[in-house]
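> fold the following and give me the result.
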Amino acid sequence: MANLIEFTLFAPRNKGAALIGSFSDWKEIPMSKGEDGYFRTKIKLEDGVYQYKFRIQTKSPNFALDEWIDIIDPKATDIDETEKYSIVRIQDGQRIVDNYLWQNNEIPLPDNRELVIYEIHVADFTGDEVDSNERGKYLGIIAKLDYLCELGINAIELMPVNEYPGDYNWGYKVRHFFATESSYGSTEDLKRLIDECHGRGIRVFMDGIYNHTDEECPLILIDRNYWYYENKHYPEDPDNYWGPEFNYDNYDKNLNIKPAWEYVGDVVKFWIKEYHIDGIRFDAVRQLANFEFFNWLTKEAKNYAAPKQFYNIAEHIPDTKTVVKPNGPLDACWHESFRYFLVPYICGKSFELEQLKQILDPKQQGYAIATNVINYLATHDRERLLRELGNCSIFDAAAFERAKLAAAVLMTAMGIPMLWMGDEFGEYQQKSEDVTKPQKINWSLLSSDQNHDLFEYYQKLIALRQQNPALQSDNIKFFYENAAEKVLAYTRWNEQNSHVVVVVNFSDQNLNQYKISDFPTAEYWRDWVSNQEVKSKEDGLVTDLSSYTAKIFVSNSQ
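So this is what the prediction gives:
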């Protein structure tokens, strides 16, 4: 039985629009325009899958005034980018995205404080170790979820999964905000990935690209200067211009709306409702530069996701306390200064004790709580640590020892740790300079003893962090420091009397029988690596500190 299905297109300044599709042999179906700026038409459709486009008199300056052009629906949930049409599915007389039935909605997910995040590019994450039909796809990530659970990961952050031009890209210039990248698999596959993650207690965050779009985004073709700044938002910063930028200042007084706010708000709500995402990493927050908008958007997202916890993360480089709670609009900020200062210390290029203390204790930078910062050693945008070490002629065993030091600092600093895929076993490929060139991580490295040893070290560190609430707290205190010998010791604790002490040696000297004064009081401490009991005396603790190493002590009551 056929049912009336409505097609709508928001284009308040455009004169005329029509619907064309497989259901009309691609002949025009007139659309009428309402006072709310929407063109509408209703047609009778049987259940099934149909292709369609809109034909519209464009207002974009790169066309003749009111020229008729064909566009993909800017709210299409499925598209064929090659054939340039939108796809609509009708079932039981209603539009649907797909038939996926969620299985794991009731399983509890980790609190923000408990998170260890793992950043993934879908196409590059899996290689020869996964079935060829699943490789580089959502299903390939599902095949590796047990590995991530074994590592201890409880949140993944997916680089953009919106439909982009071509079959490989990093995805940071979105063309279709409601559609998923077809080269990664179907919408059902993405939902199954998220559902399988939830079934294992893993939260899923997605990259939200709301500063700019691809030059052929349908909104540009409809009415460029209604949706975007006519010129660059920040002409004085040309290196950070990535495409036409949404105009969040534009207010349509006739309709009493801010159109870019409305559109992106609808995008976020759609992804929360349809794909059950648990948070968003907002790209290019510094360039977007509209905290009023973010305040509104993040509140909308949290209200829409409730009662589920939703985590709003800013990529704002350089990082800043102003973008996060309690006074800023978002929950967390990528803590770029952590990587920026720590990596040179690990490489032995420099050492500044006060800087080190600031990145380990972001309260010194003005951040209020641990969940305000996401610490990392590398991201898709930054060179990997082993590459940085190699550039300093530090290789093999020495490099892996320093990688362990960096991992220990990452997992014991105040803040939420994040790994870039492959960090945990010493992936060392150079950062890709071409966002259209695949760069699969090399899983065969895990068969090497030193790489697998690093994996096991990360695994144990993550377990320590997740089992010991002291490392999830807002508390950190530096009780011993020696700038000349490049030694720093700090304690982490919580109100339930869980204590962890970390002693780091950033020098190239082995410091044998090294005395750490003012060591916190406990009946016994356990050396976390050797699993041996040690006892501190009134005047401190004496231990051997190898060069570029960290020692972790856990109070024996744990």
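
> what segments of the stretch 301-450 of the chain are helices?
Taking DSSP state H, counting those that start in this stretch as the criterion, the stretch 301-450 of the chain carries its helices at 336-346, 353-360, 385-391, 396-412, 449-467.

> nearest to Trp493 among those helices would be which one?
Closest to Trp493 of these, according to Cβ to Cβ: helix 396-412, at 11.9 Å. (Glycine included, C-beta is placed from N, CA and C.)

> now that closest one: buried residues?
Across helix 396-412, burial judged by 16 or more other Cβ atoms under 10 Å covers 399-412.

> now do stretch 386-395
Buried residues in stretch 386-395 (16+ other Cβ under 10 Å): Leu386, Arg387, Glu388, Leu389, Gly390, Ile394.

> with those in mind, which one is nearest to His198?
Checking the buried residues of stretch 386-395 one by one against His198 (Cβ to Cβ), the nearest turns out to be Leu386, at 32.5 Å.

> isn't that closest one up against Tyr428?
Yes - with contacts counted by Cβ atoms under 8 Å, Leu386 reaches Tyr428, the gap being 3.8 Å.

> got any ranges where this structure has weak pLDDT?
556-558 (pLDDT under 70).

> report the longest strand in it, please.
strand 48-57 (DSSP state E).

> what's that strand packed up against?
strand 3-10, strand 17-21, strand 68-71, strand 85-91 (3 or more Cβ pairs under 8 Å, 6 or more residues apart in numbering; DSSP states H and E).

> using PDB, write out every CA atom in the first one.
Output for strand 3-10, consisting of C-alpha atoms alone and laid out as PDB, is shown next (Å, rounded to 0.1, in the frame of the first residue of the first chain):
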ATOM      1  CA  ASN A   3       1.500   6.100   1.700                       C
ATOM      2  CA  LEU A   4       2.000   9.900   1.500                       C
ATOM      3  CA  ILE A   5       5.700  10.700   2.200                       C
ATOM      4  CA  GLU A   6       6.700  14.300   2.700                       C
ATOM      5  CA  PHE A   7       9.900  15.800   1.200                       C
ATOM      6  CA  THR A   8      11.200  19.100   2.600                       C
ATOM      7  CA  LEU A   9      14.000  21.400   1.800                       C
ATOM      8  CA  PHE A  10      15.000  24.500   3.800                       C
END
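
> what's the burial count for the nearest residue to Gln429 once chain neighbours are set aside?
Nearest in space to Gln429, with sequence neighbours left out and distances taken as Cβ to Cβ, 6 or more residues apart in numbering, is Gln439 at 6.1 Å. The tally of other residues near Gln439 (other Cβ atoms under 10 Å) stands at 16.

> give me the distance between Trp443 and Leu356.
33 Å (Cβ to Cβ, to the nearest Å).

> neighbour count: those two, which is higher?
Leu356 (23 against 18).

> need the contact list for that one.
Leu356 sits next to Phe341, Leu342, Tyr345, Leu488, Phe506 when contact means Cβ atoms under 8 Å, 6 or more residues apart in numbering.

> mind giving me TSV with the buried residues of stretch 386-395 and columns for distance to Gln472?
TSV is the format used below for the buried residues of stretch 386-395 (distance: Cβ to Cβ, whole Å):
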residue	distance to Gln472
Leu386	28
Arg387	30
Glu388	28
Leu389	29
Gly390	33
Ile394	32
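
> in the stretch 201-350 of the chain, which spans are strands?
Applying DSSP state E, counting those that start in this stretch to the stretch 201-350 of the chain gives strands spanning 203-208, 279-282, 311-314, 332-334.

> ok, and what's touching the second one?
When contacts are taken as Cβ under 8 Å, 6+ apart, the neighbours of strand 279-282 outside the stretch itself are 155, 157, 203-208, 210, 268, 271, 288, 294, 301, 310-315, 330, 334.

> swap in the third one?
Outside strand 311-314, the residues within contact range by Cβ under 8 Å, 6+ apart are 112, 115, 157, 203, 205, 278-282, 285, 294, 298, 301-302, 323-324, 329-334, 371, 374.

> what's the residue nearest to Gln429 in contact with, if anything?
Asp124, Gln429, Ser432.

> what subset of these is buried?
Neighbour-count burial (16+ other Cβ under 10 Å) is assigned, among the contacts of Gln439, to Asp124.

> residue contacts, Asp167?
Taking Cβ under 8 Å, 6+ apart, one finds Ser183 in contact with Asp167.

> which residue ranges of the stretch 1-150 of the chain form strands?
3-10, 17-21, 29-30, 32-33, 38-45, 48-57, 68-71, 79-80, 85-91, 94-96, 117-120.

> the inter-axis angle of the second one versus strand 48-57?
Our comparison of strand 17-21 with strand 48-57, counting by axes from the mean of the first three to the mean of the last three Cα atoms, to 10 degrees, yields an angle of 150 degrees.

> try the fifth one
With the same axes, to 10 degrees as the criterion, the two stretches strand 38-45 and strand 48-57 enclose an angle of 150 degrees.

> what comes into contact with strand 38-45?
2-11, 14, 17, 19, 23-24, 29-34, 54, 56, 90.

> for Phe205, give its distance to Cys197.
Distance from Phe205 to Cys197, by Cβ to Cβ: 10 Å.

> follow-up on the earlier one: let's have the buried residues of helix 396-412 in JSON lines, adding distance to Leu139.
Converted to JSON lines, the buried residues of helix 396-412 look like this (distance: Cβ to Cβ, whole Å):
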{"residue": "Ala399", "distance to Leu139": "34"}
{"residue": "Phe400", "distance to Leu139": "32"}
{"residue": "Glu401", "distance to Leu139": "37"}
{"residue": "Arg402", "distance to Leu139": "36"}
{"residue": "Ala403", "distance to Leu139": "31"}
{"residue": "Lys404", "distance to Leu139": "33"}
{"residue": "Leu405", "distance to Leu139": "37"}
{"residue": "Ala406", "distance to Leu139": "33"}
{"residue": "Ala407", "distance to Leu139": "30"}
{"residue": "Ala408", "distance to Leu139": "35"}
{"residue": "Val409", "distance to Leu139": "35"}
{"residue": "Leu410", "distance to Leu139": "30"}
{"residue": "Met411", "distance to Leu139": "30"}
{"residue": "Thr412", "distance to Leu139": "35"}
